[in-house]
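Engineer: with the input below, show me the fold.
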Amino acid sequence: MQPNDWSTNTSLEPKSRERWRRFVSWIVNRELLRYPRPAVRFFALIVTVIVWITLWYQYFLAVCPSNILFTKLRMSFLFFIFTIIVFNLIGVSGHLFVGVSDRIGRCWVVIIGLGVAALLQLFAVAHVTNKVEYILAISAFGLFEIGALAVTGELLSDFTPRFRRASIAGFSGLGAVAGFLAAVETIHHTVDPTSGDW
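Structural biologist: All right, here's what the predicted structure looks like:
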């Protein structure tokens, strides 16, 4: 190796470290130095609405196949209603994430909440074998799911500050309805009601 090559390589290493440091700082410190342009704000609003619909989809997907739950987990209707009440009460404590989001950033809380809720639904809720497992899995899922829903609602209002309040309410309603319809369609096409498969 020539001495010139060695000096070139060592000079590139600090530059790549500096780029990496800037990238990590950009990811972690999500501060707006100026108000975003309308196109950027509209794109962020579209992404937020998609996340909003996805969160509602996950929410309804956990409770939609109630007839399968009744048979496979030997669950009574009253116990199912009790489980949904517990699920929502624990989820209400997820609203504490709104306070945390002011410190670490709303986008981070939504990303973490969405990811953890998806993992819990995939590996915990979908593989329960009895009522106790179901209520534990659905409660843990509800904490992250409803917390992420609360913070996503705040993001909707962040990205629509110049719109009327009716627009925000419309986007909120769209998320719940579209998520419910998507969950029902998923259950309809993937679950055989006569098989008892969860």
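Engineer: spatially central residue for the chain, please.
Structural biologist: Nearest to the mean C-alpha position of the chain, by C-alpha atoms, centre = their mean, lies L114 at 2.2 Å.
Engineer: check whether the nearest residue to S93 once chain neighbours are set aside sits in a helix, strand or coil.
Structural biologist: Sequence neighbours aside, L143 is the residue nearest to S93 in space, at 6.6 Å (criterion: C-beta to C-beta, 6 or more residues apart in numbering). Bear in mind the C-beta positions are built from the backbone N, C-alpha and C, glycine included. Secondary structure, DSSP: H, G, I helix; E, B strand; the rest coil: L143 is helix.
Engineer: report pLDDT for L143.
Structural biologist: L143 is assigned a pLDDT of 84 by the prediction.
Engineer: quick one: it from W108, how far?
Structural biologist: 17 Å (C-beta to C-beta, to the nearest Å).
Engineer: before we move on, the earlier item: count the neighbours of the residue nearest to S93 for me.
Structural biologist: 21 (other C-beta atoms under 10 Å).
Engineer: same check, this time on R21
Structural biologist: 10.
Engineer: likewise for F79?
Structural biologist: 16.
Engineer: now do it against A62, distance only.
Structural biologist: 15 Å.
Engineer: got it, and K72?
Structural biologist: K72 is 15 Å from A62, by C-beta to C-beta.
Engineer: of those two, which one has the most company?
Structural biologist: Ranked by neighbour count (other C-beta under 10 Å), K72 and A62 place A62 first, with 23 against 17.
Engineer: how near is the spatially closest residue to that one that is not a sequence neighbour to G147?
Structural biologist: Once flanking residues are discounted, A62 sits nearest to V125: 5.6 Å by C-beta to C-beta, 6+ apart. According to C-beta to C-beta, V125 and G147 sit 16 Å apart.
Engineer: got it, and L55?
Structural biologist: L55 is 10 Å from G147, by C-beta to C-beta.
Engineer: repeat for N88
Structural biologist: 12 Å.
Engineer: so if I had to pick from these two, which one is more boxed in?
Structural biologist: Neighbour comparison, N88 and G147: the larger count goes to G147, with 27 against 13 (by other C-beta under 10 Å).
Engineer: surely that one is in contact with I112?
Structural biologist: No. Look at G147 against I112 with C-beta atoms under 8 Å: they stay out of range, at 9.3 Å.
Engineer: tell me where the protein is predicted with low confidence.
Structural biologist: Along the chain, the parts satisfying pLDDT under 70 run over 1-13, 23-36, 94-95, 97-98, 100-102, 161-169, 171, 191-198.
Engineer: which residues of it fall in helices?
Structural biologist: According to DSSP state H, the chain carries its helices in the segments 3-28, 38-61, 66-72, 77-93, 96-104, 106-123, 131-159, 165-190.
Engineer: just the buried positions in the shortest one, please.
Structural biologist: Of the residues in helix 66-72, those scored as buried under the neighbour-count criterion (16 or more other C-beta atoms under 10 Å) are I68, L69, K72.
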